[in-house]
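> pasting the structure only:
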């Protein structure tokens, strides 16, 4: 599809000459004055506008104003027989991308049009990138509707526009960096850098250099000056994850920044003033570390201006189906696999599982499920034993679904934890046997060491355990 060009000029021979020169490569329209241009701009989108400056009625500057007020702004090139510097400056101030004098050099015009089209394409791509980033990190990108999660989101919305330092705490894997990104994306700093540093991943010396930068010769191997993460985050947000792991000397330097809004590079003595919003996160009990003398109390108070505590996944179980659906869809698309349906029986177990690794563990589970299961559905029989809980009777790993040669070869089934009544023992044993045999009643009876008739009687007694043979 050809790029579209609108030529606006009151001189007919100029309009016709430019159209003839450009129409082989572009979809060209013409207008004899600003009013005709306005009418065409209201009914059609153009990629480039080439307009004369001085025309009867409204000038080319008004064409610029009208064009750049449109939702999809075209690139505007101004041309005039009166090639004064003042005219060029005014046109550029209004938003023109370039300026030409008459008579127009066609080769020069074609170069400017191509340059304008490239600039317009780049602007569109940047806009789309920002929209994708906003969609990824805005609150709609945080999956869940539980009350505890909504409390966190409400707090994030409340503090995002402020300059306050924020401390995010919660167990590992609860999504602290995602919340930090949401704070940044919802703040006036959204177009500035978001820089993340994982403090526990670096040694003391490397961490100080990474955060504050260093001067040339500051230490062995420092062959040149290096800009640290603080300077890289200027006007934006610096996220320090696992803040409870930083050394005493780093704590002092961090405290100095919070008090003065300035840093010094390692090996340097000149303060560098910065405008950085600090968000810190930890999965440790900082108050306890303060009591133990492992974390500075004054730094803790400076960090703990606004505190956001993320709930573990086991406290927001109503979000598990949504999170599973979100990650299954993501990994199915990423791996070119069809969507995986989670059966209700499997979902009940997954919601009862405590998820010690929180969202990170659930994400890994979803990726494994998508990659490893080709049947299109995930049943309770596909789950690892850990997901069925400690109170569910577990068959020993040596138990087999093949027929036993005699009663002595049948392995006993034991309760993994807790004391249960005889009836509960029987019920849970039966459920586990059915899971182990994938619903085959004959094999389940063999595993339990009972007859199929007895198994049928038990199934009738506890109808909720009824499973059709496979």
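Here it is on my side, so go on. Bear in mind the structure is a predicted one, so any value in this text is a computation, not a measurement. Numbering: from 1, shown residues only.
> just the residues contacting stretch 10-30, thanks.
2-9, 32-33, 40, 44, 46, 48, 50, 52, 55-56, 102, 104, 106, 109-110, 113 (Cβ atoms under 8 Å, 6 or more residues apart in numbering). Backbone N, C-alpha and C define where each C-beta goes, glycine included.
> buried residues of that stretch, list them for me.
For stretch 10-30, a neighbour-count test (16 or more other Cβ atoms under 10 Å) marks 10, 14, 15, 17, 18, 21, 22, 26, 28, 29, 30 as buried.
> now the last one: how far from residue 181?
Going from residue 30 to residue 181 by Cβ to Cβ, to the nearest Å gives 49 Å.
> could you tell me which ranges of this protein sit under the pLDDT cut-off?
The chain contains residues with pLDDT under 70 at 1, 82-85, 125-141, 389-426, 461-470.
> mind listing the strands for it?
4-8, 27-31, 48-52, 75-80, 98-101, 166-169, 194-198, 237-241, 262-263, 272-273, 277-282, 306-309, 341-342, 377-378 (DSSP state E).
> so which of these is the most packed in?
Stretch with highest mean neighbour count among the strands of the chain: strand 48-52 (a mean of 26; mean count of other Cβ atoms under 10 Å).
> so in that sheet, which strands flank it, and in what orientation?
strand 4-8 (parallel), strand 75-80 (parallel) (DSSP bridges).
> roughly how far is it from the heart of the chain?
On the basis of Cα atoms, centre = their mean, to the nearest Å, strand 48-52 sits 41 Å off its chain's mean C-alpha point.
> now it against strand 27-31, angle please.
Angle between the axes of strand 48-52 and strand 27-31 is 30 degrees (criterion: axes from the mean of the first three to the mean of the last three Cα atoms, to 10 degrees).
> adding distance to residue 305, write the strands paired with strand 48-52 out as a markdown table.
Converted to a markdown table, those look like this (distance: least, Cβ to Cβ, whole Å):
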| stretch | distance to residue 305 |
| --- | --- |
| strand 4-8 | 53 |
| strand 75-80 | 46 |
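> of all these, which one is nearest residue 337?
Closest of these to residue 337 is strand 4-8, at 41.7 Å (criterion: Cβ to Cβ).
> leaving aside the residues next to it on the chain, what's closest to residue 320?
Spatially, and ignoring its direct neighbours in sequence, residue 320 is nearest to residue 351 (5.1 Å; Cβ to Cβ, 6 or more residues apart in numbering).
> do I have it right that the one you found meets residue 316?
No - using Cβ atoms under 8 Å as the test, residue 351 is too far from residue 316 to be in contact (10.5 Å).
> who has more neighbours out of those two?
residue 316 (23 against 15; other Cβ atoms under 10 Å).
> that one and residue 196: what is the separation?
In terms of Cβ to Cβ, residue 316 sits 24 Å off from residue 196.
> residue 272 against residue 234, yeah?
No - the criterion here is Cβ under 8 Å, and residue 272 misses it with residue 234 at 9.0 Å.
> mind listing what residue 68 touches?
By Cβ under 8 Å, 6+ apart, the contact set of residue 68 is 76, 94, 95.
> output the residues you listed as JSON lines; include the columns distance to residue 122.
Shown next, in JSON lines, are those (distance: Cβ to Cβ, whole Å):
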{"residue": "76", "distance to residue 122": "16"}
{"residue": "94", "distance to residue 122": "20"}
{"residue": "95", "distance to residue 122": "16"}
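> show me the residues around residue 80 that make contact.
Counting by Cβ under 8 Å, 6+ apart, residue 80 touches 52, 53, 54, 60, 87, 100, 101, 102.
> count the neighbours of the second one for me.
So that's residue 53. When neighbours are counted by other Cβ under 10 Å, residue 53 comes out with 26.
> ok, the fourth one next?
Residues within reach of residue 60, counting by other Cβ under 10 Å, total 26.
> please look at it and residue 8 and confirm they touch.
Yes - between residue 60 and residue 8 there is a contact under Cβ under 8 Å: 6.8 Å.
> kindly report the domain assignment for this protein.
Partitioning the chain according to automatic domain parsing yields domains covering residues 4-131, 139-311, 314-387, 390-465.
> all helices of the stretch 251-400 of the chain, in order?
Ranges of helices within the stretch 251-400 of the chain are 286-291, 297-303, 320-335, 344-352, 358-372, based on DSSP state H, counting those that start in this stretch.
> closest to residue 441 out of those helices?
With Cβ to Cβ, the closest approach to residue 441 among those belongs to helix 344-352: 16.7 Å.
> now do the buried residues in the closest one.
346, 349, 350.
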